[in-house]
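S.K.: Requesting a structural model of the entry that follows:
(one chain, ligands or ions: 2)
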Amino acid sequence: MRQTSDLHVVETRPLLAPATVLSQLPTTPAITALVADTRDRIRAILKARDHRLLVVVGPCSIHDVNAAYDYGQKLQALREELADSLEIVMRVYFEKPRTSVGWKGLINDPHLDDSYDINTGLQLARKLLLDLAELGMPAATELLDPIIPQYIADLVAWTAIGARTTESQTHRQMASGLSMPVGFKNGTDGHLDSAINAMLAAKQTHHFLGINAQGLASIVTTTGNPDSHLVLRGGKDGPNYSSDHIEMAATLLQHKGLPQRIMVDCSHANADKDHNKQVAVLQNIAGQLQRGNRHILGVMVESHLVAGHQAIPADLRQLTYGQSITDACVDFPTTVEMLQDLAQAVRNQALVVR
Ligand SMILES: O=C[C@H](O)[C@H](O)COP(=O)(O)O
Ligand SMILES: C=C(OP(=O)(O)O)C(=O)O
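M.R.: Ligands and ions are numbered 1, 2, ... in the order given. I've put the predicted structure just below:
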């Protein structure tokens, strides 16, 4: 008999059950309160009941949990300093969607050596989220593999569905069951329809396949997630953060009966993948806020301890500490200046719209 299945499967290895990882690395009442309260504050910003701006800022991806923790400590000080104007949440991205191929993030390959020790990746990710939360630093992430929320989502305050997966039914279904606000990026082609359709789909109840806390394949039924919004990240034809782009996006949202509240990603195609251009994008957004724009709910910035990015070296000892191994980032001193200026713009906006 000819073989017709598993022709391209080399091996399947057991995955730890979510309940096992959660019991190894339990949350605490203080951490749960931080996550729940931050989600509430983000919802208030989404609904424009809080005049402040949501800021999702941090490394493009986490590859070194020590450097991420160092970054988190610095960011926590800035979060406290600017809390009157900004709700700062750290980008803690463990999963990377690739344009073609490349390292797919800490959960997939935590040792950066093609050993794909995913069980350790899940534990490291959860441990970092707990450590950051203990500092008082809430986390934002992108969710890519629909099984992974079971392991970390209880510690996440805000989630992105990325440009490459916003059109995917699987990700819209997953978003419909997530407990936190979700930002849908526009597609890499720059079109907004996939993100707007995703918001409409994620609001609805869905029935789909997933795993339960014991790791058993399950049929999941969701209520729908009422807290989603659009994230403008530019596209193949260039940036989409200008006031005209934002006005156009707000009109499209209004036609679909969706809240006209939008986040601007200062990186990716809005910065032509040049980390330095994020500064100009943020200045432009600050200008729009000071002119009274009420559609902008938040911004995203890719930032790390050290500017730029590096390729993964064959000898991992050659890695530069605190520098991205995926997209290039602005360094921390630049981040401080950028966010202090932004906070001032939010204060000025409050005077204009009062
Ligand atoms: O933010 C990360 C990247 O832009 C995204 O994962 C795509 O990366 P790639 O084009 O280098 O694969
Ligand atoms: C992959 C990302 O962005 P996008 O989906 O916009 O490319 C990201 O923010 O890491």
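S.K.: Are stretch 175-184 and ligand 2 in contact anywhere?
M.R.: No - judged by Cβ under 6 Å from any ligand atom, stretch 175-184 makes no contact with ligand 2; its nearest approach is 9.7 Å. For the C-beta atoms, the positions are set from N, CA and C on the backbone; glycine is no exception.
S.K.: chain center to that stretch: distance?
M.R.: A distance of 11 Å separates the centroid of the chain from that of stretch 175-184, by Cα atoms, centre = their mean, to the nearest Å.
S.K.: I'd like the mean pLDDT over it, please.
M.R.: What stretch 175-184 shows for mean pLDDT is 98.
S.K.: Then stretch 257-269?
M.R.: 98.
S.K.: start to end distance for it?
M.R.: Stretch 257-269 has an end-to-end distance of 27 Å (Cα to Cα, to the nearest Å).
S.K.: Which positions in that stretch come out as buried?
M.R.: 258-269 (16 or more other Cβ atoms under 10 Å).
S.K.: Can I get those in JSON lines including distance to ligand 2?
M.R.: Output for those, formatted as JSON lines (distance: Cβ to the nearest ligand atom, whole Å):
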{"residue": "258", "distance to ligand 2": "19"}
{"residue": "259", "distance to ligand 2": "21"}
{"residue": "260", "distance to ligand 2": "21"}
{"residue": "261", "distance to ligand 2": "18"}
{"residue": "262", "distance to ligand 2": "14"}
{"residue": "263", "distance to ligand 2": "11"}
{"residue": "264", "distance to ligand 2": "12"}
{"residue": "265", "distance to ligand 2": "6"}
{"residue": "266", "distance to ligand 2": "11"}
{"residue": "267", "distance to ligand 2": "7"}
{"residue": "268", "distance to ligand 2": "4"}
{"residue": "269", "distance to ligand 2": "7"}
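S.K.: which bits of this protein sit near ligand 1?
M.R.: So the chain meets ligand 1 at 60, 96-99, 102, 268, 326-327 (Cβ under 6 Å from any ligand atom).
S.K.: Got a PyMOL select line for the buried ones in those?
M.R.: Buried residues within the residues of the chain next to ligand 1, by 16+ other Cβ under 10 Å, are selected in PyMOL with:
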select buried, resi 60+96+268+326+327
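S.K.: Which residues are in contact with whichever residue of the stretch 101-250 of the chain sits closest to ligand 1?
M.R.: Closest approach between the stretch 101-250 of the chain and ligand 1, counting by Cβ to the nearest ligand atom: residue 102, at 4.9 Å. By Cβ atoms under 8 Å, 6 or more residues apart in numbering, residue 102 lies in contact with 96, 326.
S.K.: before we move on, what about residue 122?
M.R.: With Cβ under 8 Å, 6+ apart, residue 122 has these contacts: 16, 21, 107, 148, 151-152.
S.K.: between the residues you listed, which is nearest ligand 2?
M.R.: Looking across the contacts of residue 122 and measuring by Cβ to the nearest ligand atom, the closest to ligand 2 is residue 107, at 13.9 Å.
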